Each structure stands twice: as C-alpha cells, then as structure tokens.
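**Student:** Need coordinates for the following:
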Amino acid sequence: MPLPGFFTKKETASTSRPDGKVRSCASCGLYKTSISPRMKPYGEFRKGIVVMGEASGEVEDRTGKPFQGKTGRLLQRTLEKLEVDLFRDCLCINACLCRPINDEGENRTPLGVEIESCRSTNIRVIQEHMPKVIILLGNSAVFSLIGHRWKNSIENISTWRGWTIPDQDFKAWICPTFHPSFVERSDKGAEKKIWETDLAQALSKVEQPLIRYKKPIIEYISDLNVLDSITSDLIAFDFETTGIKPYAKGHRIVCVSVADSEDHAYVFLLPPTKKECSPLIRLLKNESIGKMAHNMKFENTWSKIRLGVDVRNWTWDSMLAAHLLDNRSGITGLKFQTYVNFGIVDYASEVSPYLRSEEKHGNALNRIMSLLESQTHVKSLLEYCALDSIYEYRLARHQQTIMNYSFLPF
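**Tutor:** Take a look at the predicted model:
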C-alpha cells in the first residue's frame, strides 16, 4: 500500500496544474468580457523564437494581435536593435489569452487560475512549433511555462531573469526576463540595460544547439567493496539523512551516493556496522581523490559525527561556487541550479516531502525512515540520492569551466 502523500510523477502530472486538475475557459470566464477571446498566436516565426508575454491590453484586445500597445512597441524597437523583427521572426503569445480587466474595465494582472486555464493551449502551441528559443516576459509567463513543473515556490522574475535554460522537456532554450511594461515604468536606466542584455543573451541561443545529456547510469550496490575500485581523481558524494543536524539521538545517515563521473554513480543504504562501511570510510579518507559536494559543510559534519571520519581533500563546493557566480538570493539550491544549468526541472518531488520535518528546529527528525517500509519507495529514495551526486558532479565541472578553474587538490 502506498504511503500517505506518496504519489508517482505520472499520477500527479498535468499540463495545467501540479495537483492534476485541469483548468479550462469555463474555470476562468475572461472570454465573456473580451473582444478578442482566446487570442491566437501571431507572427511568422522565421527564426524559431516564441515570445510569451502576460496578457492582452486594451489595444491588443481591440486589434486581436499581441504586443500592439505602448510596451509592445518598446519590445519591437529593442528587438530591432538586435536585428530581430518581433512579428516576422517570432511567434507571439501571452500567458493569459484573454484580456483581464478590473471592475472599472481597466487592465489588471491575470490571476493564477486564469493563467492555468490557458496553460494547456500554450503548451500545445509550443509543442506544435518546436521553437529554438522561448523568451518569457515577466512573472506570468514564467508561471505559465515553469510553474506547473517547478514544485517549489516560483518566487518572482528577479530570481529567473538572465538564465538561458536548456529545457529538456520542451527541447528549447527558455530565457526569462523582465516584462517590457516593467522596464517602461522603471525610472532607473539599470533595468532597461539588464533587460536588453537578457534579450541579447537569449537571441544568441537561436543558432546554438540545445545541450542534451546522457541518461545517468546508477549502480545500486549492497557490497561497498566496489568503492575501492574507483579510479577517478574526483568524486561527488551525497548523504540522505534523518535531519539537518546529526547530533541528537536517533539521527543517522540513511543512504549514500558516490558519483565518479558526470553520468555514473554508486548508491546504497548505509550498512549498520563500521566494518561494512570500511570501503566508504577509506574513500572519504583517501587524499589522492578530490571530494565535491553541494554544501560540503553538511556532508563533512555528518561524516565526522556519524562515521567518525574527517573527509580528506575537499576540492569543490558547488553551492558556494553558485553564490560566487551569482549572488542573488534563492538561486543556490541544487534543484534550482540543476534546472537552470541543465534543464532538468524535477527529479525530487516524490521524495523531498519526506526529507522535511514538521518541527522547526535543527535537531528535528524528518520522515525519511518511512520510505524504507516499501522496496518501491526505497528505490525512489536511492535514485534521488544518486541523481543528487551526479548533478553535483556535473554542476561542479560546469562551474569550473565557467570560472576557468583547473582542477588542483587543495
């Protein structure tokens, strides 16, 4: 019997809502007050670019075409400077396909339910056209195309702007940036400069093939002696534990993964005896092999307290490097970094609820042990742990390339 709250991705998947419920025009009702309801995509799409805005304004609703008003003209002029014609080279759509108005008949920001009601239509348009680049203008567009797949809070456009995401689901570069209305309202020149830079960076991806990755190889092991055969001079490793801090009674390391390349990892439930753990301990103490982690303080502390090991030759912390590369708040987590750098949007939603505690203190126990009650759930946990270390390895190597870092053990 499945554990309470534990569902497969298939069971919860929806092109409209993360809870599996599908919204429609009947859920929204904006079509009743629109002159141009369910506005069709507009543009010749010669360069394979989709531009998604927020919603129709008064001018767009009257003409039946997106980006016809003042902010639309700002977008047209800016793209012209970058040698792109908005309506000839792009296909233009909005997150909300009807004009949202308030009680006074004025433009307003579309509600989440209104965007969700148009989501399946917009996804179908994108799937039919197979764009090379998708430019998302503002919060509503990000919520439309990413919100139903991103299981955490979507935050706001300041978190997402500037990334060129090789989205593996849509097989296109997804490039969020400010909405032109925000740029037009801003009294600071900085926002316009940032916006223009973001657009130029997005357009530079039109001729760049999308990055694709091999399916990772995960080896599920029970005999840890295979770890003695690792020949790589660099590994990333990851622990899944019963909580954040290892000090309180009842805490333990539940499973461990060791990635020795960007596409391969060993993963296992931690054996109960020190003798059985000896190969792992030898690996962590081996000074000739560099160690990497995402927030190495976590793995280092758990290694010391629960395994009695001082990890030797720490080489890279991909969380710290993410902060050095971009000091915005809310962007250094491994799941976010995996998506924006590799386009893999969700591999954690089935397991991550069990890694959080309902109590709000550092020594609280989470619910990870309940996953061990079923072999199906054990495999899900192990796969999640293995992917963590693989993506840590891949992210570290990517960061080292960006930072022009030559691997030298500390």
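**Student:** so residue 283 is in which element?
**Tutor:** Element membership for residue 283, per DSSP states H and E: helix 278-285.
**Student:** How about the secondary structure of residue 332?
**Tutor:** coil (DSSP: H, G, I helix; E, B strand; the rest coil).
**Student:** For the helix holding residue 283, give me every contacting residue.
**Tutor:** Applying C-beta atoms under 8 Å, 6 or more residues apart in numbering, the contact partners of helix 278-285 are 224-228, 230, 235, 237, 256, 258, 270, 274, 289, 291, 303, 307-312. (C-beta placed from N, C-alpha, C; glycine too.)
**Student:** and that helix, what's its mean pLDDT?
**Tutor:** Averaging pLDDT along helix 278-285 gives 98.
**Student:** For it, buried residues please.
**Tutor:** 279, 280, 281, 283, 284 (16 or more other C-beta atoms under 10 Å).
**Student:** what do you get for stretch 216-225?
**Tutor:** 216, 218, 224.
**Student:** So which helix or strand of the chain has the lowest pLDDT on average?
**Tutor:** Across the helices and strands of the chain, mean confidence by mean pLDDT, DSSP states H and E is lowest for helix 9-12: a mean of 37.
**Student:** Check which element follows that one along the chain.
**Tutor:** Taking DSSP H and E, what comes next after helix 9-12 is helix 25-28.
**Student:** thinking again about what came up before, what's the ChimeraX line that selects buried ones from the contacts of helix 278-285?
**Tutor:** A single ChimeraX command selects the buried members of these (16+ other C-beta under 10 Å):
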select :224,227,235,237,256,258,270,289,291,303,307,309,311,312
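**Student:** Among the contacts of helix 278-285, which lie within strands?
**Tutor:** Among the contacts of helix 278-285, the ones falling in strands (DSSP state E) are 235, 237, 256, 258, 291.
**Student:** middle-most residue in the chain, spatially?
**Tutor:** residue 339 (3.1 Å; C-alpha atoms, centre = their mean).
**Student:** What is the helix or strand hosting it packed up against?
**Tutor:** Using DSSP H and E, residue 339 sits within helix 334-342. The contact analysis (3 or more C-beta pairs under 8 Å, 6 or more residues apart in numbering; DSSP states H and E) places helix 334-342 against strand 165-167, helix 318-325, helix 375-402.
**Student:** Which one, of the ones you listed, ends up nearest to residue 123?
**Tutor:** strand 165-167 (12.0 Å; C-beta to C-beta).
**Student:** by contact count, what packs against the closest one?
**Tutor:** Partner elements for strand 165-167 (3+ C-beta pairs under 8 Å, 6+ apart): strand 172-177, helix 334-342.
**Student:** Please identify which of the ones you listed is closest to residue 204.
**Tutor:** Closest among the helices and strands packed on strand 165-167, using C-beta to C-beta: strand 172-177, at 9.4 Å.
**Student:** Now that closest one - C-alpha only, PDB.
**Tutor:** Taking Å, rounded to 0.1, in the frame of the first residue of the first chain, the C-alpha atoms of strand 172-177 are listed here in PDB:
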ATOM      1  CA  ALA A 172      14.300  24.600 -26.300                       C
ATOM      2  CA  TRP A 173      16.200  27.300 -24.600                       C
ATOM      3  CA  ILE A 174      13.900  29.000 -22.100                       C
ATOM      4  CA  CYS A 175      15.000  32.600 -21.400                       C
ATOM      5  CA  PRO A 176      13.100  34.600 -18.700                       C
ATOM      6  CA  THR A 177      13.500  38.300 -18.400                       C
END
